[in-house]
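# Here is a sequence together with a model predicted from it:
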Amino acid sequence: SSSTFYERYHSLEDIYYWINRTTQDNPGTVKAILLGSSYEKRPIYALKISLNNRPNKKAMWIDCGIHAREWISPAFCLWFVQYSLSFYRINHDITQILDNMDVYVLPVFNPDGYRYTWTNNRMWRKNRSYSKDSWCIGVDLNRNFDANWCTEGASSDPCTEIYCGAFPESEPESQAVANFLRSHKDTIQLYLTIHSYSQMLLFPYSYTYDQAENHNDLLEMAQEAAQQIRRHYRNTYKYGAGAQTIYLAPGGSDDWAYNLGIKYSFTFELQDQGRYGFLLPPSHISKACNEALLAVKIIALKVIEKT
Ligand SMILES: NCCCCC[C@@H](C[SeH])C(=O)O
Ligand SMILES: [Zn+2]
Ligand SMILES: [Zn+2]
């Protein structure tokens, strides 16, 4: 039954099949968009969910799986799509969101890396590109964006987990996403990128300790989301600007999207706090995704209210 499908992790092939099936089963509502292809030439598909064809509707963006080992992230993207399609016109919050915004969902930002965690190394983080002057493989796609690129919190050593790449957007995966966001920056009002673990709701900046221009807005939104998770699920999420809440991290997709003009930009770190870490068991998927869903609802509704 569908409930067990969404409470399991799925291979890359399964997710491609799911993308196809979901698109075919929901013509006119779900459209697959080919953003580009990975280093190993795998397609990078985003789904566009559009529940009504109201003219010049705004949009929100959720990407998952930029880091290969963070399996709960793609699981959440699938969960979110299924919830949206199942509860539109049933749940008030998701109905309000989908009536006001289209949603772009990118289930697997880094398909080569994700596949690699299924076949070779469960703990792989980066993509699978080769660098010309090192035997080491892979760029940290969340250090490869053009936002204070390769400063403190990233490394120019290809053998590190935070290798920034040869230059900003050097990787086909980050380039594909950046191109799409650049060409849709006037309609996309909210950028969300889903990671694990450590249970945090983060917002710009991570490349500097300087405050974002709408810091108070972002803080209030993250705070409310964290409070509601605490109230409904009795679980604790830290929240704040990335640099001081987690660590300095330049070249991130959230900071780049923010500087592009998407003024509501967040990085979610989902469950857990370290007991299982990246190896969160399937039995925890439901709770982790419900917590993330609540945060998305609260933040998205606030964006609608503010714009
Ligand atoms: N854009 C940087 C947001 C804060 C760091 C997020 C974590 C997720 Se694993 C990282 O990319 O190291
Ligand atoms: Zn991550
Ligand atoms: Zn993380």
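In hand now; what should we look at? Ligands and ions are numbered 1, 2, ... in the order given.
# Give me every residue in the stretch 101-250 of the chain lying close to ligand 1.
For the stretch 101-250 of the chain, the residues in contact with ligand 1 (C-beta under 6 Å from any ligand atom) are 142, 195, 202, 206, 242, 246, 249. In this view, the C-beta of every residue, glycine as well, is placed from N, C-alpha and C.
# if I pick the third one, what's in contact with it?
Yep, that's Leu202 we're talking about. 222, 239-242, 245-246, 254, 266-269 (C-beta atoms under 8 Å, 6 or more residues apart in numbering).
# In strands, which of those residues appear?
Judged by DSSP state E, those include 239-241, 266-269 as members of strands.
# Nearest to Pro55 among the residues you listed?
Phe266 (27.7 Å; C-beta to C-beta).
# Run the chain-centre distance for stretch 75-92.
Centroid separation between stretch 75-92 and its chain, computed with C-alpha atoms, centre = their mean, to the nearest Å, is 16 Å.
# do stretch 8-16 as well
Centre-to-centre, stretch 8-16 and its host chain are 17 Å apart (C-alpha atoms, centre = their mean).
# so what's the one residue in the stretch 1-150 of the chain that gets nearest to ligand 2 closest to, chain neighbours aside?
Closest residue of the stretch 1-150 of the chain to ligand 2, C-beta to the ion: His67 (3.5 Å). Sequence neighbours aside, Arg125 is the residue nearest to His67 in space, at 5.0 Å (criterion: C-beta to C-beta, 6 or more residues apart in numbering).
# so what's the residue located most distally from the centre of the chain closest to, chain neighbours aside?
Taking C-alpha atoms, centre = their mean, the residue of the chain most remote from its mean C-alpha position is Asp133, at 30.4 Å. Spatial nearest neighbour of Asp133, excluding adjacent residues (C-beta to C-beta, 6+ apart): Pro158 at 7.8 Å.
# Double-check that neighbour against Lys132; I have them as touching.
No. Between Pro158 and Lys132 there is no contact under C-beta atoms under 8 Å: 9.5 Å.
# These two: which is more packed in?
Legend: neighbour count by other C-beta atoms under 10 Å for Pro158 and Lys132, higher for Pro158 (21 against 6).
# got a list of what the more buried one touches?
By C-beta under 8 Å, 6+ apart, the neighbours of Pro158 are 131, 133-134, 136-139.
# could you redo the last one with a cut-off of 10 Å?
Counting by C-beta atoms under 10 Å, 6 or more residues apart in numbering, Pro158 touches 126, 129-139, 164-166.
# next one: Glu161
Taking C-beta under 10 Å, 6+ apart, one finds 67, 123-126, 138, 140, 143, 155 in contact with Glu161.
# Name the nearest of the residues of the stretch 101-250 of the chain next to ligand 1 relative to Pro281.
Set against Pro281, the nearest of these by C-beta to C-beta is His195 (18.0 Å).
# on that earlier part again, which of the three states applies to the residue nearest to His67?
Under DSSP: H, G, I helix; E, B strand; the rest coil, the three-state class of Arg125 is coil.
# again with Trp79
Of the three states, Trp79 takes helix under three-state DSSP.
# Spatially nearest residue to it (excluding sequence neighbours)?
Nearest one to Trp79, counting by C-beta to C-beta, 6+ apart, is Cys289 at 4.0 Å.
# State which one residue of the protein is found closest to ligand 3.
Using C-beta to the ion, the closest approach of the chain to ligand 3 is made by His195 at 4.2 Å.
# helix, strand or coil for that residue?
strand.
# start at 513 instead
With the count now opening at 513, the last piece we talked about shows up as His707.
# Now do the same contact list for it.
575-579, 582, 584-585, 654, 714, 758, 766, 779-782.
# Just the CA trace of stretch 717-735, in CSV.
Output of stretch 717-735 as CSV, limited to C-alpha atoms (Å, rounded to 0.1, in the frame of the first residue of the first chain):
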residue,chain,number,x,y,z
TYR,A,717,24.0,33.8,6.0
SER,A,718,26.3,30.9,6.5
TYR,A,719,29.2,32.5,4.6
THR,A,720,29.5,35.4,7.0
TYR,A,721,28.4,36.3,10.5
ASP,A,722,26.7,39.5,9.1
GLN,A,723,23.0,39.5,9.4
ALA,A,724,20.7,39.2,6.4
GLU,A,725,18.7,42.3,5.6
ASN,A,726,15.4,40.6,6.7
HIS,A,727,17.0,38.6,9.5
ASN,A,728,14.2,39.4,12.0
ASP,A,729,11.6,38.1,9.6
LEU,A,730,13.6,34.9,8.9
LEU,A,731,14.3,34.4,12.6
GLU,A,732,10.6,34.8,13.5
MET,A,733,9.6,32.3,10.9
ALA,A,734,12.1,29.7,11.9
GLN,A,735,11.3,30.2,15.6
